[in-house]
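sequence and predicted model, in that order:
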Amino acid sequence: MRRGSISERRMKCGKPTCPCQQDLEARHGPYFALTWAVRGKTHTRYLASEQVGLLRRQIEAGRQFREDVEAYWAACERWADEQLESSPTAADEAAEKKGSARRSKTKSAKRSPRS
């Protein structure tokens, strides 16, 4: 399993007389790169064309794993919510919370602006 994505590029070389300078179809490549992020920093690893199939399977396995983990978390949270709703304390608290009578506080006399 792995994270990331694969990109394919065709590039121009540095020779001014090479056909790749003018013709998009004559560019060199394809060159493949695996790109992924760690703590906000992008990492890139260049690949041989023979490695691309294996990398795609690894990325797909990683994506499936993340989906499975998210589904597991969702099921756990539903189960935890059901436990909270069926706990006797939650039912008692809901029944008891009717509010309390407010007691008014004695207010101090307002001072005049002159004092």
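Structure received.

sheet partners, orientation included, of the lengthiest strand in the chain?
Counting by DSSP state E, the longest strand found in the chain is strand 28-38. The pairing partners recorded for strand 28-38 under DSSP bridges are strand 5-11 (antiparallel), strand 41-47 (antiparallel).

need the contact partners of it.
Strand 28-38 has contacts (CB atoms under 8 Å, 6 or more residues apart in numbering) with 2-13, 20, 42-49, 51-52, 55. In short, each C-beta sits where N, CA and C put it, glycine included.

how about 10 Å then?
Identification of contacts with strand 28-38 by CB atoms under 10 Å, 6 or more residues apart in numbering yields 2-13, 18, 20, 42-52, 55, 58-59, 62.

make a PyMOL selection of the buried ones in these.
Buried subset of the contacts of strand 28-38, written as a PyMOL selection, criterion 16 or more other CB atoms under 10 Å:
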select buried, resi 4+12+20+47+55+58+59
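
now for the strands paired with strand 28-38, which one comes closest to residue 77?
Shortest separation from residue 77 across the strands paired with strand 28-38 is recorded for strand 5-11, at 29.1 Å, computed as CB to CB.
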